[in-house]
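Trainee: Let's see this in three dimensions:
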Amino acid sequence: MVVIRPSVPGEEARQRELWQICFHDEEEYVSLYYRSCYRPEDVLVLLEDGVIRSMVICLPVSVQTPDGKRHQGAYFYALATDPLSRGKGYAKQLLFFAYDHLASLGHALGLTVPAMPSLFAFFQSAGLSPRFYFGERRFTADNAPGRARVRSVGHEEYASFREGFLAGGFSVLYPEDQILWQKRVSKLAGCDLYAIEAGGVQAFAAAELGEDGLPILKEFLCPPPFQAEAASALLQSLKKPALLARMPISGAELPPGARRFGSIRWYDAALEKAYAHLPLGYLGLAFD
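Mentor: A predicted model of the protein is given here:
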């Protein structure tokens, strides 16, 4: 017998087991989620004969649209099925249950970031259409003089700047507890959340060190004229020669180097129609 429902306290050990079996993340990384923003009701589980065989975390987020409105939604994260139970359609069953369950709670949409490009087709077959992209650029320490000041920032300040920087676009906004999770992940990965400032201009970045030891900016929120100087200052502060930065894309056209990143499903047909012609969306952090 198959049952799908929100999880309850006491099921965390099995959730963590599935997470690590399917994604091979370090225990410390998984623990950061449970320490920072875990709520049992945000995790949907599928049980077969009383045993949890599949799970998905529904991270609460909101999506702002260019008309100034905000829509409540969930970011589907860590969708995992026990390898012994694959081939039964459990992941799709979980997603379709999630759509109805979350819509009943007042959500307008769901979104996700496929773990690999080949999975965009799977999520599209489950009703999630690609709409989120980011620009990617490599910077080196000698791109511009590094006269800007760099400082670490708390998750509240980062969240406030992020919301203001993205105002007026089609973008995903995260609650402060998820920004705290990102700060802890950044520190685990040898970096932090940063503000870079010069002449009254500000940029913010969420940085992690990649496998090659060079910084990856999971997002780089920076006015274009300030990008080279801000990146150079950050590199000088971190004592690194180069970094790779992800940045929001403005407009409806994909620039060179743009990367498809996330997919969305509107639960209401009228909303889907109303927002069918939105510009490219920005999802940002995504905890990928």
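
Trainee: What's the first helix or strand after the strand ranked longest in the chain?
Mentor: In the chain, taking DSSP state E as the definition, the longest strand is strand 51-64. Next in sequence after strand 51-64, counting helices and strands by DSSP states H and E, comes strand 70-81.

Trainee: Are there helices or strands packed against that next one, and which ones?
Mentor: Under the contact definition 3 or more CB pairs under 8 Å, 6 or more residues apart in numbering; DSSP states H and E, strand 70-81 sits against helix 12-23, strand 51-64, helix 90-104, strand 109-112. Quick note: C-beta positions are derived from backbone N, CA and C, even for glycine.

Trainee: Within its sheet, name the partner strands of the helix or strand where Ala195 lies and how each one runs.
Mentor: Using DSSP H and E, the secondary-structure element containing Ala195 is strand 193-198. Strand 193-198 has the following sheet partners, assigned by DSSP bridges: strand 149-152 (antiparallel), strand 201-209 (antiparallel).

Trainee: buried residues in the shortest one?
Mentor: Using 16 or more other CB atoms under 10 Å as the test for burial, strand 149-152 gives Val150.

Trainee: cool, the last one as well?
Mentor: Of the residues in strand 201-209, those buried under the neighbour-count criterion (16+ other CB under 10 Å) are 202-209.

Trainee: got the CA coordinates for that strand in CSV?
Mentor: Listed next in CSV are the C-alpha coordinates belonging to strand 201-209 (Å, rounded to 0.1, in the frame of the first residue of the first chain):
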residue,chain,number,x,y,z
VAL,A,201,28.0,51.5,-4.9
GLN,A,202,27.3,48.1,-3.4
ALA,A,203,27.5,44.5,-4.6
PHE,A,204,26.7,41.4,-2.6
ALA,A,205,27.9,37.8,-3.3
ALA,A,206,27.3,34.3,-1.9
ALA,A,207,30.7,32.5,-2.3
GLU,A,208,31.9,29.0,-2.0
LEU,A,209,35.2,27.4,-2.9
